[in-house]
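Peer 1: Just to be clear, the model below is a prediction. Sequence and coordinates:
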2 protein chains.
Amino acid sequence: MLVLITYDVSTMSSEGQRRLRKVSKICQDYGQRVQHSVFECIVDATQFAVLKMKLIDAIDKEQDSLRFYQLGNNYKNKVEHVGIKDFLDMEGLLIL
Amino acid sequence: MLVLITYDVSTMSSEGQRRLRKVSKICQDYGQRVQHSVFECIVDATQFAVLKMKLIDAIDKEQDSLRFYQLGNNYKNKVEHVGIKDFLDMEGLLIL
């Protein structure tokens, strides 16, 4: 299934910048960046659970936020992109 | 239906900052901000078409990007939030 992950990480401190890098790195291990703070990941239920756990562990819940959107398996007609594409299309699937 | 809108607007110039404010303002007219560059809008097909047209018109396609995700009407179990909520919950519906 396609899971969309969006995040806001407070980068006011060097600790925040470290968290941002960590969140980005975890997401990169599971999917592709489509915007600066938006990743799309194709995962099964187990992978999603692990990914979510890692991300929750990486943020500071008092300062940062994560959102997870499950778009299921039939997502191609549900996603539209307009404008610049400055990210890699690793699968050739997700970018419309 | 719930439509998720994510955007990256290049703010290297004052013109870019103007576009960012415009994109944000348009999104605010149709939904609620859930993260800095993420809005959730409950719209019908006509409203979605108008919203999309306005946003496409507001960005510079060479520098900025928009993504639209259609989450349908049964979206409640598809969305999860973790961490800080520094945005208004206008409808009491979207924030889990």
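Peer 2: Now that the structure is in, tell me what you want to look at.

Peer 1: who touches A:His40 in this structure?
Peer 2: His isn't right for residue A:40; it's Glu. Shown in contact with A:Glu40 (CB atoms under 8 Å, 6 or more residues apart in numbering or on different chains): A:2-5, A:31-32, A:34, A:79, A:94. Glycine gets a C-beta too; all of them are placed from N, C-alpha and C.

Peer 1: can we see that at 7 Å?
Peer 2: Counting by CB atoms under 7 Å, 6 or more residues apart in numbering or on different chains, A:Glu40 makes contact with A:2, A:4, A:31-32, A:34, A:94.

Peer 1: try A:Thr11
Peer 2: With CB under 7 Å, 6+ apart, A:Thr11 has these contacts: A:17, A:20.

Peer 1: So it lies in a helix, does it not?
Peer 2: No: in this structure, A:Thr11 is coil, not part of a helix, as judged by DSSP: H, G, I helix; E, B strand; the rest coil.

Peer 1: that older thread, keep only those of the contacts of A:Glu40 that are in strands.
Peer 2: A:2, A:4, A:31-32, A:34 (DSSP state E).

Peer 1: tell me which element the most centrally placed residue in chain A falls in.
Peer 2: By CA atoms, centre = their mean, the mean C-alpha position of chain A lies nearest to A:Phe39, the distance being 3.0 Å. Using DSSP states H and E, A:Phe39 maps to strand A:38-42.

Peer 1: before we move on, what about A:Glu80?
Peer 2: For A:Glu80, the element it lies in under DSSP H and E is strand A:79-83.

Peer 1: Just want the angle from that strand to strand A:31-35.
Peer 2: 50 degrees (axes from the mean of the first three to the mean of the last three CA atoms, to 10 degrees).

Peer 1: before we move on, back to that, can you give me the mean pLDDT across whichever helix or strand comes after the strand holding A:Phe39?
Peer 2: Following strand A:38-42 in sequence order, the next helix or strand is helix A:45-58 (DSSP H and E). What helix A:45-58 shows for mean pLDDT is 98.

Peer 1: Helix A:45-58 packs against which elements?
Peer 2: Helices and strands touching helix A:45-58, by 3 or more CB pairs under 7 Å, 6 or more residues apart in numbering or on different chains; DSSP states H and E, are helix A:14-30, strand A:65-72.

Peer 1: What are the buried residues along it?
Peer 2: A:48, A:51-52, A:54-55, A:58 (16 or more other CB atoms under 10 Å in any protein chain shown).

Peer 1: Cool, thanks, signing off.
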